[in-house]
Each structure stands twice: as structure tokens, then as C-alpha cells.
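Undergrad: 3D model of this:
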Amino acid sequence: MKRGKKYVEAAKKIDRQTLYEATDAIALVKQSAVAKFDETIEAHIRTGCDGRHAEQQIRGAVVLPHGTGKKVRVLVFAKGAKADEAEAAGADFVGGEELIPKIQNENWFEFDVVVATPDMMGVVGRLGRVLGPKGLMPNPKAGTVTMDVTKAVNDIKAGKIEYRLDKTNIIHVPIGKASFTEDQLADNFQAIMGAIVKAKPSSLKGQYLKSIALSSTMGPSAKVNPSKYVG
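TA: From the prediction side, this is the model:
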């Protein structure tokens, strides 16, 4: 794959073989984010889990101390007083049954996170085929199936992100934007790593965190030494 001149220049600053301290990796990745837009900086955490076993599935959520730098649009499935509560909390869209055809037939996806009250999961379940593959299905573990819609909306707007294993047992999560300070990115990264370390499945034998890399949307990646995060 042919890389642009800016990428090649940025990549020279990062030694592919070195396992950096998190703060050094953040500084390097931030310096190498040279695109014309405010790039997202992401952590890619390769685990020793086997997601085919239910007890080794990792899924949860964490509120980043400095948010994600992105405006998050929240859709809440609720009715009655809970719908009013969601609107008051600042949800971007609130509704019920009437949203099903809009999403299914009109391909409407003007939202980033879906929250639902437990009594609405029967309705939301009918959207499983379209929401599931996009990672938008509400889930109790991530705090998106809840009666406390005010807290759910507030947390998401404040920078709550969900983390989960992908098919290759890697967790991909944003830790902020290239415009963030190094300290803000470091705080967010530590919050994520703290949550992931706590989520270690008790049935896992062998190494939990195999590798950690940080990268910006268009830039090269820097490896972080995982030994610090293995209890």
C-alpha cells in the first residue's frame, strides 16, 4: 500500500520495534497526526481471550475523563414519563414503535448510540439485524438498557464509550482527538486501561494483554509496553 509523504515522514519518528511508555507513545502519535482534520487517536488492545467462549467475552463501558472530542447523537427508545425524561436529559431522538420502519425501510441512522428502557427491548429486538452489525444494539453490560435514562444520556454525552472484543479478540477504542493535550489523552487512556484490566475474565489462562498500540486516524502506530497493565 502506497503511503503519502506526510505519513512516511511521521513514521520515521516511531520505532516499530520499541515498546514505549504510554506517555511517550501518546506524544509520538500526537506529533504524527498531520492530516488536515482533527484526527481521532485510538487504542488497539490485542487480548489473549477467546471470544467464542461466553465467559471470555469482554464488554463494558467507561466514561472518559475528558470525553471523546466528538459530538455524540443519542437515540432513546422509551415511552411515557421515561420518554419525557430522556428528552429533558438532552437525548437527540426519542421514540418507540414508530421509529422501526424509519430505521428498517428508510435506512435512517442519524445517531451514534442507542439507549432503551427494558420494557422497550421487545420493540428494539426487531431491529437486531440492522443494529447488531453496526454495534448499535443496546446492552445491559454497557449501561444502554436501563430505567435510568437520565444517567445513561448524561454519561454518553460526557464521553462514555463502549469497549468490546471484535472477532479477532482485539478491542478498538477512541481515547480522544489529536487536538487534545498529552495529559488529557493520557488520562483517557489510563481510564480505559483501568476498566479493561478489571474486566479480565477469571477463566482466562495465559497472557491477558498481548499487545497495545496507539494510532491516529491517518498516522502510524506506536506500541505501548503492556507489562505495566498486567496484574
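Undergrad: Show the pLDDT at the nearest residue to Q184 once chain neighbours are set aside.
TA: Distances taken as Cβ to Cβ, 6 or more residues apart in numbering put H66 closest to Q184, at 4.2 Å, once the chain neighbours are dropped. The C-beta positions use only the backbone N, C-alpha and C, and glycine is treated the same way. The confidence metric pLDDT takes the value 94 at H66.
Undergrad: and the helix or strand containing V94, average pLDDT?
TA: Here V94, judged by DSSP states H and E, is contained in strand 93-95. Per-residue confidence for strand 93-95 averages out to 96 on the pLDDT scale.
Undergrad: Mind giving me the packing neighbours of that strand?
TA: Applying 3 or more Cβ pairs under 8 Å, 6 or more residues apart in numbering; DSSP states H and E, one finds that strand 93-95 contacts strand 74-77, helix 81-89.
Undergrad: if we can go back for a sec, now do the SS call for the residue nearest to Q184.
TA: The local conformation at H66, judged by DSSP: H, G, I helix; E, B strand; the rest coil, is coil.
Undergrad: again with V34
TA: V34, by the three-state scheme (three-state DSSP), is coil.
Undergrad: Show me which positions of the strand or helix carrying L185 end up buried.
TA: Using DSSP H and E, L185 sits within helix 182-198. Within helix 182-198, the residues that qualify as buried by neighbour count (16 or more other Cβ atoms under 10 Å) are Q184, L185, A186, D187, N188, F189, A191, I192, M193, A195, I196.
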